[in-house]
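S.K.: dropping the sequence and predicted coords here.
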2 protein chains.
Amino acid sequence: MSTLSGKEFATTIREDVTERAAKLAVDGTSARLAVVTATADEAAAWYVRSIAKAAEKVGITCDVVDLGAAATGAELAEALTALSADDAVHGVILQTPLPDGLSVADLASNIVARKDVDGSNPASLGRLAAGLTAFAPATAAAVVALLEHHEVELAGKHVVVVGRSTVVGKPVAHLLLDRDATVTVCHSKTADLAAVTTTGDVVVAAVGVPGLIKAEHVREGATVVDVGTNATADGGLVGDVDAAVAEKAALTPVPGGVGPVTTALLLRNTVEAAEAATQRVAVPGRRRQPSWRR
Amino acid sequence: MSTLSGKEFATTIREDVTERAAKLAVDGTSARLAVVTATADEAAAWYVRSIAKAAEKVGITCDVVDLGAAATGAELAEALTALSADDAVHGVILQTPLPDGLSVADLASNIVARKDVDGSNPASLGRLAAGLTAFAPATAAAVVALLEHHEVELAGKHVVVVGRSTVVGKPVAHLLLDRDATVTVCHSKTADLAAVTTTGDVVVAAVGVPGLIKAEHVREGATVVDVGTNATADGGLVGDVDAAVAEKAALTPVPGGVGPVTTALLLRNTVEAAEAATQRVAVPGRRRQPSWRR
């Protein structure tokens, strides 16, 4: 079956972002993203570097604010609040993992909605579910954008989401409902996973277990989106979906599927936030509704 | 099959609320709920009167703040903000319908979370989805509480929710996921409704279409929760579920099922909010986490 690559699509998005960032620069605004980290985790460090590099390429300045693996909740909250108040910063991301005992959702409540470019503030998720403008978590948005890019029909179709995380499973369910899909959310406590996933026209795997979704979990001709990014012993990356699935279903690859689209959408959200900030400054009193994606 | 009544359960909850409100009164606090309305709708007026009467019976003061059917968004926002800031008020509800063009979710953003006893603020829904403390919409909470009261197993079971509203369908899906159910959300665009609902161990009907769910939509031995409250021509009330369903499934009645539990939970949320407010005042500097229900 076909491979639903995200590379070309991500390139198209980044080209658009590059143009928009350049236009902002001409008008005197340097789009700026701040990534707050508090971990010694190697994979996180690698991911943050890849975001910083991608941002630089499209003309977005990326500040990595590293508070160290011993950072307290109060220090993180203070940093996020300060960045939320800093007019020079347009997007704020809180990188996981966090020090033990700290909750992403709780801390991300300190990111002001208009700069919450990775949709980590629970208020953003609530606004999304309520049909109000908000930034969606970039990974969840990437799943839907990639499906739409490859013209996979969603309205009236049955989409089975495997995984109920606040970062992917739950927001992607809301985005899919918005597009008129019938949505099922499965998870580790689902009694018979294959019995549910084989009823899906589309299956979204977002659990973080290498190869969990096998050929027997998917029906012939289905579309499968692999959100998993699991590190292998040799430094590679594998998804949540077994390679054999590709023989009966259209599948997004790992790497090269959801991943590059996620990064591209993070950058697009940042440039959008910068545009909205510029409009707020340019026309005081006639505050325009920012064109946040839903 | 059996009838899953909500009346006795609602009575038990109201007895608990009565005790707690009396205890607060002894300590000098009168638990107080404010209901903001802006409609000439008869059904809404009837519902608000029934809440006020129920509140009075358990010892909660209920203020109806009627801004009239011509109220503007700005007036409503101002009223909700003022009530949020008023220390004498512990719970704030925004009654629907609203004047044309106004959004409940948008306006309810003005209800501070700790007084949002009907979980209307999108931030409450987001916190709920993220696993943080928040008041759930009372109807959604009533569905789950009623199922648990009747000892219907949810963990590992498949629950099909029909309806994707911000007030019931979406929050009930989150509450059910929290209880380890596999959850499917269907709606008007679902291609073959019966094909999906018959796979449910539990079916929750929350669409507002009289008799939409018929015997053919439900499998033998399933449990069906009827959230519908549709007015009949003769002044009665019918649910979304056809009476014939009771022959093959355990069913919550309308009236007398989810309805009374919803009202009882609204009152319980209000007394909880009042208790939390008292604790905040009593021990300044040692602000305790309010025991909001999830």
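M.R.: Sure, I can see it. Only a predicted model underlies this, so the values are computations on that prediction, with no experimental measurement involved. Numbers count the residues shown, from 1 in each chain, chains lettered A, B, ... in the order given.
S.K.: which residues touch the residue in the stretch 51-200 of chain A positioned nearest to chain B?
M.R.: Residue nearest to chain B within the stretch 51-200 of chain A: A:G126 (2.8 Å; CB to the nearest CB). From N, CA and C alone the C-beta is placed, and that goes for glycine too. Neighbour list for A:G126: B:N121, B:P122, B:A123, B:S124, B:L125, B:G126, B:R127, B:L128, B:A129 [criterion: CB atoms under 8 Å, 6 or more residues apart in numbering or on different chains].
S.K.: so what does the top helix by length along chain A touch, helix or strand wise?
M.R.: What stands out as the longest helix in chain A, according to DSSP state H, is helix A:258-282. Judged by 3 or more CB pairs under 8 Å, 6 or more residues apart in numbering or on different chains; DSSP states H and E, helix A:258-282 is in contact with helix A:7-26, strand A:32-37, helix A:42-58, strand A:91-94, helix A:138-149.
S.K.: just to revisit the earlier point, which SSE is the residue of the stretch 51-200 of chain A closest to chain B in?
M.R.: helix A:122-129 (DSSP states H and E).
S.K.: what does A:A173 give?
M.R.: Applying DSSP H and E, one finds A:A173 within helix A:169-178.
S.K.: how close does the residue lying closest to A:D106 once chain neighbours are set aside get to A:P122?
M.R.: Distance criterion CB to CB, 6 or more residues apart in numbering or on different chains; nearest residue to A:D106, sequence neighbours excluded, is B:L132 at 6.2 Å. Separation of B:L132 from A:P122 (CB to CB, to the nearest Å) stands at 6 Å.
S.K.: more neighbours: which of those two?
M.R.: A:P122 (26 against 19; other CB atoms under 10 Å in any protein chain shown).
S.K.: quick one: contacts for the more buried one?
M.R.: When contacts are counted by CB under 8 Å, 6+ apart, A:P122 touches A:A105, A:A108, A:S109, A:T166, B:A123, B:G126, B:R127, B:A129, B:A130, B:L132.
S.K.: what about 6 Å?
M.R.: With contact taken as CB atoms under 6 Å, 6 or more residues apart in numbering or on different chains, A:P122 is in contact with A:A105, B:G126, B:R127, B:A130.
S.K.: rewinding a little: angle of the longest helix of chain A against helix A:138-149?
M.R.: Between helix A:258-282 and helix A:138-149, the angle comes out at 110 degrees (axes from the mean of the first three to the mean of the last three CA atoms, to 10 degrees).
S.K.: off-centre distance for helix A:258-282?
M.R.: On the basis of CA atoms, centre = their mean, to the nearest Å, helix A:258-282 sits 13 Å off its chain's mean C-alpha point.
S.K.: tell me what angle that helix forms with strand A:32-37.
M.R.: On the basis of the same axes, to 10 degrees, helix A:258-282 is oriented at 130 degrees to strand A:32-37.
S.K.: so how many other residues sit close to the residue lying closest to A:A85 once chain neighbours are set aside?
M.R.: Closest residue to A:A85 apart from its sequence neighbours, by CB to CB, 6+ apart: A:V112 at 7.8 Å. Residues within reach of A:V112, counting by other CB under 10 Å, total 14.
S.K.: ditto for A:A233
M.R.: Neighbour number of A:A233 under other CB under 10 Å is 5.
S.K.: which SS state does it fall under?
M.R.: Following DSSP: H, G, I helix; E, B strand; the rest coil, we place A:A233 in the coil state.
S.K.: pull up the residues of chain A that are close to chain B.
M.R.: Proximity of chain A to chain B, by CB under 6 Å from any CB of the partner chain, involves residues A:105, A:122-123, A:125-127, A:129-130, A:132, A:155-156, A:164, A:166, A:170, A:177, A:180, A:182-186, A:189-191.
S.K.: who touches A:V204 in this structure?
M.R.: Shown in contact with A:V204 (CB under 6 Å, 6+ apart): A:V143, A:V161, A:V225.
S.K.: which positions within stretch A:107-126 qualify as buried?
M.R.: Buried residues in stretch A:107-126, counted by 16 or more other CB atoms under 10 Å in any protein chain shown: A:107-111, A:113-126.
S.K.: for stretch A:175-193, same thing?
M.R.: Going by 16+ other CB under 10 Å, stretch A:175-193 has these buried residues: A:175-187, A:190, A:193.
S.K.: show me which of those is closest to A:T199.
M.R.: A:T184 (7.7 Å; CB to CB).
S.K.: my read is that the closest one contacts A:V162, right?
M.R.: No - contact criterion CB atoms under 6 Å: A:T184 and A:V162 do not qualify, at 9.3 Å.
S.K.: list the contacts of A:A141.
M.R.: A:L265.
S.K.: do you know how far it is from A:S124?
M.R.: Relative to A:S124, A:A141 is positioned 11 Å away (CB to CB).
S.K.: let me know the pLDDT of A:P284.
M.R.: Looking at A:P284, its pLDDT reads 42.
S.K.: part of a strand, is A:C62?
M.R.: Yes - the assignment for A:C62 (three-state DSSP) places it in a strand.
S.K.: by mean pLDDT, flag the weakest helix or strand of chain A.
M.R.: Sorting the helices and strands of chain A by mean pLDDT, DSSP states H and E puts strand A:230-231 at the bottom, at a mean of 90.
S.K.: what about the helix or strand that comes right after it, average pLDDT?
M.R.: Later in the chain than strand A:230-231, the nearest helix or strand by DSSP H and E is strand A:237-238. Mean pLDDT, strand A:237-238: 92.
S.K.: so which residues make contact with the following helix or strand past strand A:237-238?
M.R.: Once strand A:237-238 ends, the next helix or strand along the chain (criterion: DSSP H and E) is strand A:250-251. With CB under 6 Å, 6+ apart as the test, strand A:250-251 has contacts from A:M1, A:S2, A:L4, A:T223, A:V224, A:V245.
S.K.: any idea which of these has the most stuff around it?
M.R.: A:V224 (26 neighbours).
S.K.: am I right that that residue is in a strand?
M.R.: Yes - looking at A:V224 with three-state DSSP, it is inside a strand.
S.K.: so what's it up against?
M.R.: By CB under 6 Å, 6+ apart, the neighbours of A:V224 are A:V203, A:V218, A:V241, A:V245, A:A249, A:L251.
S.K.: was I right to think the fourth one contacts A:V218?
M.R.: So that's A:V245. Yes - assessed by CB under 6 Å, A:V245 is found in contact with A:V218 at 5.4 Å.
S.K.: got the confidence number for the nearest residue to A:A25 once chain neighbours are set aside?
M.R.: Spatially, and ignoring its direct neighbours in sequence, A:A25 is nearest to A:G59 (6.5 Å; CB to CB, 6+ apart). Here, the pLDDT recorded for A:G59 equals 98.
S.K.: burial count for A:G59?
M.R.: By other CB under 10 Å, 19 other residues sit near A:G59.
S.K.: quick check on it: phi, psi?
M.R.: Here is the backbone geometry of A:G59 (degrees, to the nearest 10): phi 90, psi 20.
S.K.: still on that earlier bit, the longest helix of chain A to helix A:7-26, inter-axis angle?
M.R.: Using the same axes, to 10 degrees: helix A:258-282 against helix A:7-26 is 20 degrees.
S.K.: in helix A:258-282, which residues are buried?
M.R.: By 16+ other CB under 10 Å, the buried positions in helix A:258-282 come out as A:258-278.
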